[in-house]
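**Q** heads up, no residue letters with this:
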């Protein structure tokens, strides 16, 4: 378990540093200003991973992470004002870039597994992405039109 925690922590630190750089370059938020929020996010993720291993119920670690994040940011929780203020300094897109890069590397390392899925998987994935994009565009077009923004 200790080895897993060390690996998770190393990976989360790499993501955190990369996200802080993306936050600085893309959104002009200085790394020292966003560092407390990034530290909170890293600790929440680490706690979710640990709970996933400790609790013998089949429950994804993402759910534990989400529950912890929601609980510590609730207004009645002591210190939640600080947590919300700190994490507001970290932009969502600055977080997604390194995560998607890691996913791309992970897929690239296992091309044999990807090839075994076959061409049908690529067609289905492409259709899902196109459908999601078009659905989101239609919904936003409708809502913005109803509000008179466009």
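**A** Ah, there it is. Please read all numbers here as calculations on a predicted model, not as lab measurements. Numbers count the residues shown, from 1 in each chain.
**Q** and residue 134, what does it touch?
**A** By CB atoms under 8 Å, 6 or more residues apart in numbering, residue 134 lies in contact with nothing. Heads up, the C-betas are built off the backbone N, CA and C, glycines and all.
**Q** For the helix or strand where it lies, give the mean pLDDT please.
**A** Per DSSP states H and E: residue 134 is located in helix 119-146. With pLDDT averaged residue by residue, helix 119-146 scores 85.
**Q** How far does it sit from its chain's centre?
**A** The gap between where helix 119-146 is centred and where its chain is centred comes out at 21 Å by CA atoms, centre = their mean, to the nearest Å.
**Q** Ok, stretch 44-51 next?
**A** 13 Å.
**Q** oh, and call the first residue 2 from now on, that's how I've got it
**A** Shifting the count to begin at 2 puts that one at stretch 45-52.
**Q** Report pLDDT for residue 53.
**A** According to the prediction, residue 53 has pLDDT 93.
**Q** So it is in contact with residue 67, correct?
**A** No - between residue 53 and residue 67 there is no contact under CB atoms under 8 Å: 12.0 Å.
**Q** Settle it for me: which of the two has more neighbours?
**A** residue 53 (17 against 13; other CB atoms under 10 Å).
**Q** what separates the more buried one from residue 137, distance-wise?
**A** The spacing between residue 53 and residue 137, counted by CB to CB, to the nearest Å, is 30 Å.
**Q** do the same with residue 27
**A** Distance from residue 27 to residue 137, by CB to CB: 22 Å.
**Q** and the residue lying closest to residue 37 once chain neighbours are set aside, how many neighbours?
**A** Spatial nearest neighbour of residue 37, excluding adjacent residues (CB to CB, 6 or more residues apart in numbering): residue 87 at 4.1 Å. Using other CB under 10 Å, residue 87 has 19 other residues around it.
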